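Asker: quick check, what structure comes out for this input:
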Amino acid sequence: MDFPIRITPLLRPLLFPLRASGERAAVHVGGGHVEVEFGVLFRGSFALEQIEHVSRSTWPWWSGLGLRIGARGRVGLIGSLEGVVCIHFNRPQRVRAPFPWRCRELYLSLHDPDGFIATVEAAAHMAAA
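Answerer: Numbers count the residues shown, from 1 in each chain. As a prediction, the model looks like this:
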């Protein structure tokens with residue numbers, strides 16, 4: 001199942017040249033993985049068993065929008081301050097953002113955050129069974 005990343009209209013022109021729009025700014029859940037793409041800026045594929053939990057979250061405005069790489073393994077793909085979720089990993093994951101990085105928490109702004117959380121939890125439950 002696909003979940004588009006929420007991007008505010010003011011940010012779209014800045015991200016368009018980086019191909020971070022439409023289907024290239026989305027999260028796909030299926031086949032035992034969560035795959036995330038944010039144009040040419042970010043790509044990651046995570047096995048469901050590597051996800052500790054997924055929760056609603058917030059992103060402070062002063063941390064900025066777009067691809068954000070922070071201390072302690074925090075990575076944000078933030079196109080809006082609304083609909084933010086955080087994927088917490090049980091150990092650091094290797095991502096390409098645009099250079100290799102270790103990610104412990106991945107923040108995403110999504111159009112359907114609750115649907116995403118429910119889908120990941122259901123997929124993880126089915127994979128564990």
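Asker: tell me how far stretch 108-115 lies from the chain's centre.
Answerer: From the chain centre to the centre of stretch 108-115 is a distance of 9 Å (C-alpha atoms, centre = their mean, to the nearest Å).
Asker: scratch that, stretch 91-107
Answerer: Counting by C-alpha atoms, centre = their mean, stretch 91-107 comes out at 11 Å from the chain centroid.
Asker: report the rounded mean pLDDT for that stretch.
Answerer: Stretch 91-107 shows a mean pLDDT of 88.
Asker: contacting residues around that stretch?
Answerer: The contact list for stretch 91-107, computed with C-beta atoms under 8 Å, 6 or more residues apart in numbering, reads 36, 40-44, 46, 50, 57, 59, 67-69, 72-78, 84-89. In short, each C-beta sits where N, CA and C put it, glycine included.
Asker: just the buried subset of these, written out for ChimeraX, thanks.
Answerer: Selection of buried members from the contacts of stretch 91-107 for ChimeraX, criterion 16 or more other C-beta atoms under 10 Å:
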select :36,41,42,44,46,57,59,67,73,75,76,77,78,84,85,86,87,89
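Asker: next step: the contacts of stretch 91-107 restricted to helices.
Answerer: Secondary structure from DSSP state H places none of these in helices.
Asker: tell me which of the contacts of stretch 91-107 fall in strands.
Answerer: 36, 42-44, 46, 67-69, 74-78, 84-89 (DSSP state E).
Asker: okay, now the unreliable bits of this structure?
Answerer: Per-residue confidence for the chain (pLDDT under 70) gives these ranges: 15-17, 20-22, 128-129.
Asker: what secondary structure does the residue positioned nearest the centre of it sit in?
Answerer: With distances taken as C-alpha atoms, centre = their mean, the residue of the chain nearest its centroid is Leu108 (3.9 Å). Following DSSP: H, G, I helix; E, B strand; the rest coil, Leu108 is assigned to strand.
Asker: how much space is there between it and Gly30?
Answerer: 16 Å (C-beta to C-beta, to the nearest Å).
Asker: next: Leu81.
Answerer: For Leu81, the distance to Gly30 - C-beta to C-beta - is 28 Å.
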